[in-house]
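Engineer: Please find the sequence and the predicted model below.
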Amino acid sequence: MKSHIIAGSKATLFLFTAVILLMTFTGTMSAQPQKSKRPPIGIVPVKPQGSPTGLGVVTGKNISYNGGPVMVGPHNVYFIWYGNWNNNTATTILPAFISGLNHSLYFNTNFSYAQLVIDPAGTGHVLSEANIANTVTMAGQIFDSYSQGTSLSVTQVQNVVTRGLSNGLPTDANGIYFVLTSADVTATSGSQSFCNNFCGYHTYNPRNLLKFAFVGNSARCINSCAASNIGIGPNGNAGADGMANVIAHELNETVTDPLLNAWFAGGTQGEVGDLCNFNFGTNTEFPAPNGAPANVVLGTRDFLIQENFVNSSVGGGCQLSYGANGTKSSATVAVTGAIACDPGGGCDDGTVSLTVNTTTESVFYDGFGINGAGSVQAIATDLASMFNSDPNSPVTATVVQGPTLPSGSGDNWQILLQSKSAGAGVNYGLSGSVSSFSGISSNLAVTSHSVMTGGSGPCCQ
């Protein structure tokens, strides 16, 4: 979600839409400083020896926001198949895995994270929250036959991505470029190596901020980089099925911590995937058609992938899904600012509208008589009343006063929205607009979009 602020000489009305996140923010708002010219990397450690296949909720840990950006969306995934992938079913399995993540309950776990817009006046107030959208697109693929040899450093992995951009892949700020290696290829990161210390990692190019990841073929070290009970894999290719798990880990971490300064616990080895590394859930597994264990259905295929850390004050921790059946959807619309009045008489006039799903309510202020001069509290209260009195409205609305804004910035009132019934779904699109205010040099027009969290599955179609 993007928030637009437009101010005129006679009227200043800021309208933000933001989703309530069921989370507790425990971190600082300062970005993590980089310790070297090369960006750090977030790795998938190898599987702890003797670890169970599922641990449920991680205890004694939470996650903190460190001020950096997240990838709100869209999320365009590009595969670079490195090495020899002839006659390997992974080239069908893994693109299907990415496509299956789109609008899934699993990827919706990332919706519990946001890029916060903090009051620039220094009060620390959160003015808006841009939540990570539940969208994933398999956007492109290319093959690379050993252009950098059979042992890849982080620099060489970056070179593989650069070469891919010169051979057909687009340069995409919303892209996540995965270098997937065949089983005869190894990789290093400093003194660490694939299979011995890590199964994959993600980082970014400091020159253009493009995000990329390395995921090695789990078939090279199935005991270190796949679930203990993977067997033949739910898709009949244990190496590819193990890679799907590592891809999930790195994708979740990339969208929540793309520049390694956003969401993590303690340090960048405590990202959303790390907190649940190789935890596949308790009593979540079921047999795939071939008898191998699986724990999620994505599209038409079964997969065995680790849980992701959900940042929620209610039921948070390691989970395979977010947006359980039988809950109510909820969101917040924050109306902030002030309506200016002329000392000679009369105030700015105009229309304020809010759309939830397909229901739009509008309030008109003429600056004199009808609805009076208008105020932030009046706008919020009138819009809430209209949703509550409209039988076609999918939500109920209440109004509360928000945090105090800096002097001269006006008031802050929030409309709390909740679906009328449990299990009503979560994909309510929110938009708000202010139009036709007639103050001198005023041009107020604000439109913002977000989604509501909660509801029933399939959660986010």
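Structural biologist: Sure thing, it's come through.

Engineer: how near is the spatially closest residue to Ser112 that is not a sequence neighbour to Leu260?
Structural biologist: Distances taken as Cβ to Cβ, 6 or more residues apart in numbering place Asn311 nearest to Ser112, at 4.3 Å, with adjacent residues excluded. For the C-beta atoms, the positions are set from N, CA and C on the backbone; glycine is no exception. Using Cβ to Cβ, to the nearest Å, Asn311 is found at 17 Å from Leu260.

Engineer: Break this structure into its domains for me.
Structural biologist: Following automatic domain parsing, one finds the domains of the chain at 12-20+327-451, 42-311.

Engineer: out of these, nearest to Gln319?
Structural biologist: Of all the domains of the chain, domain 42-311 sits nearest to Gln319, with 4.7 Å by Cβ to Cβ.

Engineer: one step back: neighbour count for Asn311 and Leu260, which is higher?
Structural biologist: Asn311 (27 against 23; other Cβ atoms under 10 Å).

Engineer: Would you mind measuring from that one to Leu298?
Structural biologist: 22 Å.

Engineer: And Pro391, by the same measure?
Structural biologist: Pro391 is 38 Å from Leu298, by Cβ to Cβ.

Engineer: Who has more neighbours out of the two?
Structural biologist: Taking other Cβ under 10 Å, Pro391 and Leu298 do not tie; Leu298 has more neighbours (23 against 4).

Engineer: Helix, strand, or coil at the residue nearest to that one when sequence neighbours are not counted?
Structural biologist: Of all residues not flanking Leu298 in the chain, Gly100 sits nearest, at 2.7 Å (Cβ to Cβ, 6+ apart). Judged by DSSP: H, G, I helix; E, B strand; the rest coil, the three-state class of Gly100 is helix.

Engineer: Any chance of the backbone angles for the nearest residue to Thr150 once chain neighbours are set aside?
Structural biologist: Closest residue to Thr150 apart from its sequence neighbours, by Cβ to Cβ, 6+ apart: Val185 at 5.1 Å. Torsion angles at Val185 (phi, psi; degrees, to the nearest 10) stand at phi -110, psi 130.

Engineer: just checking, Val185 touches Trp85?
Structural biologist: No. Applying Cβ atoms under 8 Å, one finds Val185 not in contact with Trp85, separated by 10.7 Å.

Engineer: quick one, which of the two is more surrounded?
Structural biologist: Comparing Val185 with Trp85 by other Cβ under 10 Å, the one with more neighbours is Val185, at 22 against 18.

Engineer: Tell me how far the more buried one lies from Tyr78.
Structural biologist: From Val185 to Tyr78 the distance is 18 Å (Cβ to Cβ).

Engineer: pLDDT at the closest residue in space to Ala294 that isn't next to it in sequence, what is it?
Structural biologist: Nearest residue to Ala294 in three dimensions, chain neighbours excluded: Asp302, at 3.6 Å (Cβ to Cβ, 6+ apart). The model reports Asp302 with a pLDDT of 94.

Engineer: For Asp302, give the beta-bridge partners.
Structural biologist: Val297 (DSSP bridges).

Engineer: what does Ile80 give?
Structural biologist: Beta-bridge partners, per DSSP bridges, of Ile80: Ile142, Val179.

Engineer: Quantify the burial of it by counting its neighbouring residues.
Structural biologist: The burial count for Ile80: 25, using other Cβ under 10 Å.

Engineer: which ones are touching it?
Structural biologist: Gln141, Ile142, Phe143, Asp144, Val160, Val161, Gly164, Leu169, Tyr177, Phe178, Val179, Leu180 (Cβ atoms under 8 Å, 6 or more residues apart in numbering).

Engineer: That one and Ser145, how far apart?
Structural biologist: 11 Å.

Engineer: and if you look at Thr398?
Structural biologist: For Thr398, the distance to Ser145 - Cβ to Cβ - is 61 Å.

Engineer: what does Pro234 give?
Structural biologist: Using Cβ to Cβ, Pro234 is found at 29 Å from Ser145.

Engineer: Also Asn76?
Structural biologist: 24 Å.

Engineer: Please identify which of those two sits among more neighbours.
Structural biologist: Legend: neighbour count by other Cβ under 10 Å for Asn76 and Ser145, higher for Asn76 (20 against 11).

Engineer: Over to that one: give its phi and psi.
Structural biologist: Taking degrees, to the nearest 10 as the convention, Asn76 sits at phi -100, psi 120.

Engineer: Roughly how far does it sit from Ala238?
Structural biologist: Taken as Cβ to Cβ, the span from Asn76 to Ala238 is 28 Å.

Engineer: Quote the end-to-end distance of stretch 134-147.
Structural biologist: End-to-end distance for stretch 134-147, by Cα to Cα, to the nearest Å: 34 Å.

Engineer: List the buried residues in that stretch.
Structural biologist: Asn134, Thr135, Val136, Thr137, Met138, Ala139, Gly140, Gln141, Ile142, Asp144 (16 or more other Cβ atoms under 10 Å).

Engineer: of these, closest to Gln377?
Structural biologist: Scanning these for proximity to Gln377, where the rule is Cβ to Cβ, the winner is Asn134, at 33.3 Å.

Engineer: wait, what's in contact with Gln141?
Structural biologist: Tyr78, Phe79, Ile80, Trp81, Pro95.

Engineer: what kind of secondary structure is the nearest residue to Ile98 once chain neighbours are set aside in?
Structural biologist: Closest residue to Ile98 apart from its sequence neighbours, by Cβ to Cβ, 6+ apart: Met138 at 4.3 Å. Secondary structure, three-state DSSP: Met138 is strand.

Engineer: Double-check Met138 against Leu94; I have them as touching.
Structural biologist: No. Between Met138 and Leu94 there is no contact under Cβ under 8 Å: 9.0 Å.

Engineer: so what's in contact with the two at the same time?
Structural biologist: With Cβ under 8 Å, 6+ apart, Met138 and Leu94 have common neighbours Phe79.

Engineer: What are the boundaries of the helices in the stretch 151-300 of the chain?
Structural biologist: With DSSP state H, counting those that start in this stretch as the criterion, the stretch 151-300 of the chain has helices at 154-165, 238-256.

Engineer: In terms of secondary structure, what does the shortest one contact?
Structural biologist: Under the contact criterion of 3 or more Cβ pairs under 8 Å, 6 or more residues apart in numbering; DSSP states H and E, the helices and strands touching helix 154-165 comprise strand 76-82, strand 137-144, strand 175-181, strand 186-189, strand 211-215.
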